[in-house]
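[1] this one's sequence-less:
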């Protein structure tokens, strides 16, 4: 029982402490809320609490909501205005042409013949309706109606088509082309220029389209993508990695319908064109660095070319390489010394000399010259320089051995006094 009473007392003390803290915090909050600083506005200060700032902002929006609704409703009613460029009744509104957004039929055709990418609205029967660039307003039987018209793709134009007077140039429509920009899809035509005098003709090619800020969706350039679309898609992928390609294209299709146009955008065509554009961008950056860097380093690059003669120097040293060839002669010198080595062989020849003196068997007195015969045979000794004949000389050693026997026999006869 004693322990239970102690625990109950501890719990009571903690509760009392919490009540005191809560009361102190409440007093502090009341002081901060009720504090009024001289020179401040009639609204309470929002610098003390985030919750207070949010509640004040919400109250302000709630008070202005009814006014915003009335303004929005009044904007949907088309007023009867005159054209911003003439005194005719306005039938077209183009917010891209602000502040002169109100246009009559003639001014609308004249202005938007070149500004084909503007988003317009018709004011027929007092209701705003988005219309395509390929539609214009005409008056038939006292009523305004919408009819189709041909719109040209905005592109760069040649500086000079020919030397004729520009008043002789006529502009016509070319083949159909699809343009996809950040506001969706546009169905347009390529422009053609023709000189009536010299018949000079011009239509934009691939270089003109790329210079105009477009990128082809295919090699034939039947569809073009604005470079702005690619840059926007790349930035959105960077800040929102979870964004899919299909989601981005669905957004472009929604914007197409929002401005009164229609048409689909193919995801595979967009992906292929985007990847090709990205690759060309990186290739352009790499080539720019590769071209700029060697331009400054050309002297350093050319110095090895000046060292070409130094590389060829070994070719000039071929005589030094040939020196061993001269040493080959020195190596061959021992071949010239072979007569010294063959000296015993010469003695053998001297002994063999009688081979040539077989007829001298009957005249031993002529043996002296026969002994001198090896002297005349020195040219035969020189043949070992060619070493081939030397081998042949050795091949003739067989007859030399038989002549040795004959010589020995003759000596024996001489000693016997025959």
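    Here it is on my side, so go on. As the structure is a prediction and not an experimental result, all values here were calculated from the model.
[2] could you pull up the mean pLDDT of the helix or strand encompassing residue 61?
    Secondary structure from DSSP states H and E places residue 61 in helix 50-75. Averaged over helix 50-75, pLDDT sits at 90.
[3] list the buried residues for it?
    When burial is assessed from 16 or more other Cβ atoms under 10 Å, helix 50-75 yields no buried residues. The way it works is simple: take the backbone N, C-alpha and C, and place the C-beta from them, glycine included.
[4] ditto for stretch 184-194
    Buried residues in stretch 184-194, counted by 16+ other Cβ under 10 Å: 184-186, 188-194.
[5] so which of these belong to helices?
    When the buried residues of stretch 184-194 are checked against helices (DSSP state H), there are no matches.
[6] list the contacts of the closest residue to residue 158 other than its chain neighbours.
    Excluding the flanking residues, the one nearest residue 158 by Cβ to Cβ, 6 or more residues apart in numbering is residue 202, at 5.5 Å. Taking Cβ atoms under 8 Å, 6 or more residues apart in numbering, we find residue 202 in contact with 158, 161, 192-194.
[7] ok, those vs residue 264, which is closest?
    Checking the contacts of residue 202 against residue 264 with Cβ to Cβ, the nearest one is residue 192 at 27.7 Å.
[8] wait, the closest one sits on residue 169?
    No. Look at residue 192 against residue 169 with Cβ atoms under 8 Å: they stay out of range, at 10.5 Å.
[9] helices of the chain, start to end?
    Here the chain has its helices, by DSSP H, at 2-34, 50-75, 105-111, 206-211, 227-239, 245-258, 267-306, 308-316, 318-341, 343-352, 367-376, 378-382, 388-395, 397-415.
[10] so what's the residue count around residue 80?
    Residue 80 has 8 neighbouring residues, counting by other Cβ atoms under 10 Å.
[11] which one is it nearest to, not counting chain neighbours?
    Counting by Cβ to Cβ, 6+ apart, the residue nearest residue 80 is residue 89, at 7.2 Å.
[12] what's the neighbour count on residue 88?
    13.
[13] so it touches residue 81, yeah?
    No. Checked against Cβ under 8 Å, the pair residue 88 and residue 81 is beyond contact range at 10.6 Å.
[14] ok so, going back, nearest to residue 150, out of the buried residues of stretch 184-194: which one, please.
    Using Cβ to Cβ, the buried residues of stretch 184-194 come closest to residue 150 at residue 189, 5.8 Å.
[15] quick one: contacts for the closest one?
    By Cβ under 8 Å, 6+ apart, the neighbours of residue 189 are 150-153, 173-177.
[16] mind giving me the PyMOL command for buried ones among these?
    Entered in PyMOL, the line below selects the buried ones among the contacts of residue 189, by 16+ other Cβ under 10 Å:
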select buried, resi 151+152+153+177
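[17] what does the model give residue 355 for pLDDT?
    39.
[18] same question, residue 113
    Each residue has a pLDDT score; the one for residue 113 is 88.
[19] gap between it and residue 186?
    Taking Cβ to Cβ, to the nearest Å as the measure, residue 113 falls 15 Å from residue 186.
[20] likewise residue 84?
    25 Å.
[21] my guess is residue 124 meets residue 144, correct?
    Yes. In this structure, residue 124 is within contact of residue 144 by Cβ under 8 Å, at 4.9 Å.
[22] what's near enough to touch residue 178?
    Contacts of residue 178 (Cβ under 8 Å, 6+ apart): 185-188, 222-224, 263.
[23] where in this structure is pLDDT low?
    Scanning the chain for pLDDT under 70 picks out 1-4, 32-48, 288-407, 409-410, 413-418.
[24] how does it divide up, domain by domain?
    The record's domain parsing of the chain by automatic domain parsing lists 76-148, 166-280, 342-415.
[25] could those domains be laid out in CSV, adding distance to residue 8?
    Listed next are these as CSV, based on distance: least, Cβ to Cβ, whole Å:
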stretch, distance to residue 8
domain 76-148, 71
domain 166-280, 57
domain 342-415, 131
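[26] gap between the closest residue to residue 90 other than its chain neighbours and residue 74?
    Counting by Cβ to Cβ, 6+ apart, residue 102 is the residue found nearest to residue 90 once chain neighbours are left out, at 3.8 Å. Using Cβ to Cβ, residue 102 is found at 16 Å from residue 74.
[27] go on, residue 141?
    31 Å.
[28] same thing with residue 248?
    According to Cβ to Cβ, residue 248 and residue 74 sit 35 Å apart.
[29] go on, residue 103?
    Noted for residue 103: a distance of 21 Å to residue 74, by Cβ to Cβ.
[30] and the buried residues of stretch 184-194 as CSV, adding distance to residue 67?
    As requested, the buried residues of stretch 184-194 are exported to CSV (distance: Cβ to Cβ, whole Å):
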residue, distance to residue 67
184, 33
185, 37
186, 37
188, 42
189, 46
190, 49
191, 48
192, 53
193, 53
194, 57
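[31] so which of the residues you listed comes closest to residue 25?
    Closest to residue 25 out of the buried residues of stretch 184-194 is residue 184 (56.6 Å), distances taken as Cβ to Cβ.
[32] quick one, what contacts the closest residue to that closest one other than its chain neighbours?
    Using Cβ to Cβ, 6+ apart and skipping the chain neighbours, the partner closest in space to residue 184 is residue 256 (3.0 Å). Contacts here follow Cβ under 8 Å, 6+ apart; on that basis residue 256 touches 183-185, 262-263, 265.
[33] can you check residue 155 too?
    Listed by Cβ under 8 Å, 6+ apart, the contact partners of residue 155 are 190-191, 204, 208-209, 212, 214.
[34] by neighbour count, which of those wins?
    Ranking the contacts of residue 155 using other Cβ under 10 Å puts residue 214 first, with 26 neighbours.
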